[in-house]
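Participant: Okay, predicted coordinates and the sequence, questions at the end:
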Amino acid sequence: MCGVLAVAASCAVDERAEPADGWATVTDGPSGARIDLPGAAEPTADTATAANGPAVTLRNYTASAGGGALEVGFNVLDTRGGRYDFDAGVEQVATSLDGRIVSSRPTAVDGHAAVDVEVSYGRGQLVLFQLVDVDDHVLQPLVAGPADRRDLVEETFDHLTRTLDVEAS
């Protein structure tokens with residue numbers, strides 16, 4: 001989903017003794033956020049346009065699950081403070097996938113404003129993701145896969161979001 005530019009100095013992959021279900025814990029250095037992914041993930045970085053206009057750094061951690069049927073990811077946008085426009089961010093994701101927003105619901109994650117989203121795209125594909133506004137960063141856990149494996153997509157997304165620790169730093 002993103003361009004690739006290695007970022008080794010500012011991000012690290014940290015494996016706990018026994019991550020849930022054999023997943024590896026990934027820690028994003030600049031934000032301090034941690035999340036479990038189905039396998040170790042090296043970060044890639046790119047520059048993207050934020051929902052409110054300015055260019056931001058985007059770090060992307062990805063792995064696959066479900067025998068390769070699912071893409072499991074964790075994106076971190078460095079927003080340098082300010083309020084993140086969730087509506088514009090959701091629309092930007094849907095547009096980038098040439099998809100359709102199925103649902104978008106406000107929520108909170110560890111006391112931080114967030115939104116839970118489903119987007120359908122391509123031929124029978126869906127992506128479930130959150131956008132979580134945390135100080136100078138927006139965190140985006142996501143799971144994408146075939147709509148005919150919706151149960152697996154939802155189960156994996158539920159597991160992924162339960163492991164998100166926004167206050168790890």
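Facilitator: Received it, and whenever you're ready, just let me know what you need. On a predicted model such as this, the values are computed, not experimentally measured, just so you know. Numbering: from 1, shown residues only.
Participant: same for the top helix by length along the chain, what does it pack against?
Facilitator: For the chain, the helix that runs over the most residues, judged by DSSP state H, is helix 150-163. Here helix 150-163 touches strand 34-37, strand 70-78, strand 125-134, strand 137-146, going by 3 or more CB pairs under 8 Å, 6 or more residues apart in numbering; DSSP states H and E. Just so you know, the C-beta spots here come from the backbone N, C-alpha and C atoms, and that holds for glycine as well.
Participant: starting at the chain centroid, how far to that helix?
Facilitator: 12 Å (CA atoms, centre = their mean, to the nearest Å).
Participant: how about that helix: buried residues?
Facilitator: 152-153, 156-157, 159-161, 163 (16 or more other CB atoms under 10 Å).
Participant: Would you format those residues as CSV with distance to Ala144 and pLDDT included?
Facilitator: Shown next, in CSV, are those (distance: CB to CB, whole Å; pLDDT from 0 to 100):
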residue, distance to Ala144, pLDDT
Leu152, 12, 96
Val153, 8, 97
Thr156, 10, 96
Phe157, 10, 97
His159, 15, 94
Leu160, 11, 95
Thr161, 14, 96
Thr163, 18, 93
